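Participant: The following block contains a protein sequence and its predicted model.
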Amino acid sequence: MEVNNETQMHEFILLGLSGDWDTHVSLFILFLLMYLVTVLGNFLIILLIRLDSRLHTPMYFFLTNLSLVDVSYATSIVPQLLAHFLATRKAIPFLSCAAQLFFSLGLGGIEFLLLAVMAYDRYVAVCDPLRYSVIMHTGLCTWLAIASWVSGFINSLVHTVITFHLPMCAKYIDHIACETLAVVRLACVDTSSNKIAIMVSSIVLLMTPFFLVLLSYIQIISTILKIQSTEGRWKAFHTCASHLTMVVLCYGMAIFTYIQPHSSPSVLQEKLMSLFYAILTPMLNPMIYSLRNKEVKGAWQKLLGKFSGFASKLST
């Protein structure tokens, strides 16, 4: 039997969140403000780390990578989402859809891997502080960052290729973006192998890093509890507080959504999860590291002091 025009699909239509115009306008304003805060906050964190020599450590090197991932992930989804809020016809070209899936899936995987790498960094800092600079040397940090980026994008490339090689019977995607599961649902053929590949990918890029993070924090907590003084325990825990907050946010949402017994995530859950990772998490990341980290707050105060001094000189 011959397949009709499936392979000649030139564009898709994203159904988005709602068909109500007033709702679209309200969401456009809200998400635009959140996106601007995300871009500004993450670039300020990156700039601050670059300018302050006290932040030239492995932890902040990985935080720079995490901020780049966050702002890139948001940019891969939010501008198109904003444009569709105000558009009558919410079309996305075939190649743009494939590119969006590739970058969003890749960057999402990189974030999970980076959080696992940062957990290892915190493990060494708390459990083996005397050898921290020897273990977490520049070469290892660079290699771990590159491995995270390469692994995430290789996984994304494989999924993008096998997803868009499927013959498509429909062009209406019930999602806010070109997400893997949403695109696979358009296929005219049995997609069991694709779903198995998605499950394997979830195990490799979600559950494996999660268990590494869990193992790291079991060791960290065990070490902290052995510290005699309350002040020492608090100081050790404080070095992990920001990272632990991000771990709970990122892994918690993904596991809650996807790792459910005898069920798969609903379309609504998939949309909410995409919004969470595209808008909320990238916006919260710089805030969490700024508000809960003394070194970052100190660097902000130092930078603001320099700017105020420079401004006062100009005014005199």
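Facilitator: Perfect, I can see it now.
Participant: so where's the stretch 1-150 of the chain uncertain?
Facilitator: Filtered on pLDDT under 70, the stretch 1-150 of the chain yields the residue ranges 1-9, 18-19.
Participant: what ranges do the helices span in it?
Facilitator: 21-51, 58-86, 94-127, 132-135, 138-164 (DSSP state H, counting those that start in this stretch).
Participant: These: which one's closest to Ile255?
Facilitator: Proximity to Ile255 (C-beta to C-beta) singles out helix 94-127 among the helices of the stretch 1-150 of the chain, at 10.9 Å. To be clear about C-beta, it is placed using only N, CA and C from the backbone, and glycine gets the same treatment.
Participant: Give me the distance from that closest one to the chain's centre.
Facilitator: A distance of 6 Å separates the centroid of the chain from that of helix 94-127, by C-alpha atoms, centre = their mean, to the nearest Å.
Participant: The residue lying closest to Thr163 once chain neighbours are set aside: what secondary structure?
Facilitator: Nearest non-adjacent residue to Thr163, counting by C-beta to C-beta, 6 or more residues apart in numbering: Val183, 5.5 Å away. The local conformation at Val183, judged by DSSP: H, G, I helix; E, B strand; the rest coil, is helix.
Participant: Would you enumerate the residues in contact with Val183?
Facilitator: Val183 makes contact with 12, 97, 101, 163-164, 173 under the criterion C-beta atoms under 8 Å, 6 or more residues apart in numbering.
Participant: do that again at 10 Å, thanks
Facilitator: By C-beta atoms under 10 Å, 6 or more residues apart in numbering, the residues touching Val183 are 12, 97-98, 101, 159-160, 163-164, 166, 168, 173, 175, 177, 194.
Participant: Give me the buried entries from the residues you listed.
Facilitator: 12, 97-98, 101, 159-160, 163-164, 166, 168, 173, 175, 177, 194 (16 or more other C-beta atoms under 10 Å).
Participant: can you list the residues you listed in TSV and add distance to Met136?
Facilitator: Output for the buried ones among the contacts of Val183, formatted as TSV (distance: C-beta to C-beta, whole Å):
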residue	distance to Met136
Phe12	44
Cys97	40
Ala98	37
Leu101	34
His159	32
Thr160	33
Thr163	37
Phe164	40
Leu166	43
Met168	47
Ile173	43
His175	40
Ala177	36
Asn194	39
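Participant: In terms of distance to Asp52, which of the residues you listed ranks first?
Facilitator: So of the buried ones among the contacts of Val183, ranked by how close each gets to Asp52 (C-beta to C-beta), first place is Ala177, at 35.6 Å.
Participant: Distance check, that closest one against Thr38.
Facilitator: 16 Å (C-beta to C-beta, to the nearest Å).
Participant: do Ile29 as well
Facilitator: Counting by C-beta to C-beta - Ile29 and Thr38 are separated by 15 Å.
Participant: and the two? which has more neighbours close in?
Facilitator: Per other C-beta atoms under 10 Å, whichever of Ile29 and Thr38 has more neighbours is Thr38, with 27 against 12.
Participant: give the contact list for the more buried one.
Facilitator: Per C-beta under 10 Å, 6+ apart, neighbours of Thr38: 31, 67, 70-71, 73-75, 78, 278-286.
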